[in-house]
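A.B. asks: Kindly return the folded structure for what I paste below:
(one chain, ligands or ions: 1)
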Amino acid sequence: MANLDVLTYGFSFISPEGGFGWSSISLLEVGGQNIVIDTGPASRRNNLWSALDSRGLTPEEIDLVILTHMHWDHCQNTDMFGNARILVHPKEIDYAHNPNPADHNAAKYIADMMDKMRVEPISDGDVVADGISIIDTPGHTLGHISVVADVGEENIIVAGDAMPDGGTVTRKLPYNVFWDVNDATESVEKILDSSDVFYPGHDRPFRLSDGQVEYLHGPTQVEIVVSNEGNTVAPSLAYTVHSVREPNIQLVQKP
Ligand SMILES: [Zn+2]
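C.D. replies: The predicted model follows:
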């Protein structure tokens, strides 16, 4: 039986001015092993460092890193974990070496970083540790995987961007699809069929109860600090909250 903890909570903020990319980073402790799932964007490296430190862990003490996929916002901090074996789907490793020019979330320098690390292929059905297994969940990217973990009462799924938020349940699609819409839909169904408790890539963990999303834990407010010095008339920036996020399927790549 594993213990699952969230090191940094994910958020689905976007802006036409650029992506925040604040992905969830999870810690599994099982059988004396420390497993990190996704490593987040460089902008959250300090948060990740502090989260490990507050649990009495150093990056050197992480045995395994599982990457759901190789978009920048899920793997930029992988180099922190020099002692870890890095587990990635082989198709995702290939893709990182030769990303589609239209997918600006996959950068060649990430593959270069990974080439210096102990990367091992992993895919559907593989058992990582006692009670921890992998399911293929393609669609968002070609080699996307999710992690199924036995945490006692039930299995939970760490779903990455195959299920980035609670809205995926009603949308039946992740909000970004870079590989294939049908694959992405099937992956959402596969995830929903496999558990009632989900750890999304960019949202708080939730349970599905009678079809309703019930968030389990995590922050309900985020402070955004903006310097407004020198502006004496009115706030210089405004924020908009959308209740629905339309799926972006403009960049699908499956031939
Ligand atoms: Zn992604």
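
A.B. asks: Residues of the stretch 151-255 of the chain that sit close to the ion?
C.D. replies: Applying Cβ under 5 Å from the ion, we find that the stretch 151-255 of the chain lies next to the ion at residue 161. In this view, the C-beta of every residue, glycine as well, is placed from N, C-alpha and C.

A.B. asks: In the stretch 151-255 of the chain, what residue comes closest to the ion?
C.D. replies: residue 161 (3.7 Å; Cβ to the ion).

A.B. asks: which parts of stretch 175-185 are buried?
C.D. replies: Across stretch 175-185, burial judged by 16 or more other Cβ atoms under 10 Å covers 175-180, 183-185.

A.B. asks: and of those residues, the nearest to residue 212?
C.D. replies: residue 175 (19.3 Å; Cβ to Cβ).

A.B. asks: circling back: what pLDDT is listed against the residue of the stretch 151-255 of the chain closest to the ion?
C.D. replies: Note for residue 161: predicted pLDDT of 97.

A.B. asks: dump the residue contacts of it.
C.D. replies: 23, 68-69, 71, 74, 140-141, 144, 174, 176, 201-202 (Cβ atoms under 8 Å, 6 or more residues apart in numbering).

A.B. asks: Which of those residues fall in helices?
C.D. replies: Among the contacts of residue 161, DSSP state H puts residue 74 in helices.

A.B. asks: Which of the contacts of residue 161 sits closest to residue 52?
C.D. replies: Out of the contacts of residue 161, the member with the shortest distance to residue 52 (by Cβ to Cβ) is residue 23, at 16.0 Å.

A.B. asks: what's near enough to touch that closest one?
C.D. replies: 8, 10, 38, 40-41, 73-74, 160-161, 201-202.

A.B. asks: ok, back up a step: could you redo the buried residues of stretch 175-185 as JSON lines and give each row pLDDT?
C.D. replies: What follows is the buried residues of stretch 175-185, written out as JSON lines (pLDDT from 0 to 100):
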{"residue": "175", "pLDDT": "93"}
{"residue": "176", "pLDDT": "92"}
{"residue": "177", "pLDDT": "93"}
{"residue": "178", "pLDDT": "91"}
{"residue": "179", "pLDDT": "92"}
{"residue": "180", "pLDDT": "93"}
{"residue": "183", "pLDDT": "97"}
{"residue": "184", "pLDDT": "97"}
{"residue": "185", "pLDDT": "98"}
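
A.B. asks: Stretch 92-109 - what's its average pLDDT?
C.D. replies: Per-residue scores along stretch 92-109 average to 84.

A.B. asks: likewise stretch 215-228?
C.D. replies: For stretch 215-228, the per-residue pLDDT averages 86.

A.B. asks: How about stretch 67-76?
C.D. replies: For stretch 67-76, the per-residue pLDDT averages 96.

A.B. asks: what separates it from the chain centre, distance-wise?
C.D. replies: On the basis of Cα atoms, centre = their mean, to the nearest Å, stretch 67-76 sits 7 Å off its chain's mean C-alpha point.

A.B. asks: Is the helix-or-strand element of the chain with minimal mean pLDDT in proximity to the ion?
C.D. replies: None of the helices or strands of the chain scores lower by mean pLDDT, DSSP states H and E than helix 108-115, at a mean of 88. No: on the criterion Cβ under 5 Å from the ion, helix 108-115 is out of touch with the ion, staying 12.0 Å away.
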